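K.L.:
Mind looking at a prediction? Sequence and model below.
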Amino acid sequence: MGSHTVKALFLDRDGIINVDHGYVGRYEDFEYVDGIFALIKRFEKAGYKIIIVTNQSGIARGLYSEDDFNALMSAVQQDFYQAGIGEVSVYFCPHHPEHGIGAYKKQCACRKPNPGMLLQAAEEHSVSLPLSIMIGDSWRDIQAGQKVSLSHCYFVSRKAPPAGAELGNVTQVTSLNDIPVPSSV
């Protein structure tokens, strides 16, 4: 493998890209979070590869299929293109340890707070994890980022972090518009 020099912006999906209406599996239910296009564009301009990492237990629960999910995300990619954003990579975990149906019911390495999706993305895109950033609205997103020593994590929430949580490289914000973009090097 070549050296890992790419900076990535890892984005959770539900609550960050789209408003979290619970198990969103259809494009009709997909409503963009205010500021997401501008945020992605600013990070893209600063040289970051944009990567979505999303737990999709709706697949595990049988509420929609992987094909449904992929069709939805390709429609989202079209919206990104129209907004002047390039290719966005998407990694998803279709498993759930308790509520999964059939093969989807399992303990896996990819469901956040486990960092499996970040590690896979880093491998496939030559991402330097210590140069990369996570934005999530659940503490699980932040933990996944911390486990692979990302440079910074933004916790987009009005809720307090869990008691005893490690806050060293975390900034809490209430809106995507409050996230500063690192200067491009």
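P.N.:
Happy to help now that I have it.
K.L.:
quick one: the most far-flung residue of the chain relative to its centre and G86, what's the gap?
P.N.:
In the chain, the greatest distance from the average C-alpha position (CA atoms, centre = their mean) is reached by G102, at 25.5 Å. Counting by CB to CB, to the nearest Å, the separation of G102 from G86 is 36 Å. Where you see a C-beta, it was placed from the backbone N, CA and C, and this is true even at glycine.
K.L.:
same question, N169
P.N.:
Distance of N169 to G86, given as CB to CB: 27 Å.
K.L.:
Which elements pack onto the longest helix seen in the chain?
P.N.:
Counting residues, the longest helix found in the chain (DSSP state H) is helix 66-82. For helix 66-82, there is no helix or strand it packs on, judged by 3 or more CB pairs under 8 Å, 6 or more residues apart in numbering; DSSP states H and E.
K.L.:
Enumerate every residue touching D79.
P.N.:
D79 is in contact with Y32, counting by CB atoms under 8 Å, 6 or more residues apart in numbering.
K.L.:
number of nearby residues for the nearest residue to G84 once chain neighbours are set aside?
P.N.:
Nearest residue to G84, sequence neighbours excluded (CB to CB, 6 or more residues apart in numbering): K41, at 6.5 Å. Using other CB atoms under 10 Å, K41 has 17 neighbouring residues.
K.L.:
SS state for K41?
P.N.:
Three-state call for K41 (DSSP: H, G, I helix; E, B strand; the rest coil): helix.
K.L.:
what residue ranges in this protein score low on pLDDT?
P.N.:
Confidence mapping of the chain against pLDDT under 70 gives the ranges 1-2, 183-185.
K.L.:
for it, what spans make up the strands?
P.N.:
Using DSSP state E, the strands assigned to the chain run over residues 7-11, 48-55, 89-93, 133-136, 152-156, 170-173.
K.L.:
Please identify which of these is closest to D29.
P.N.:
strand 48-55 (14.9 Å; CB to CB).
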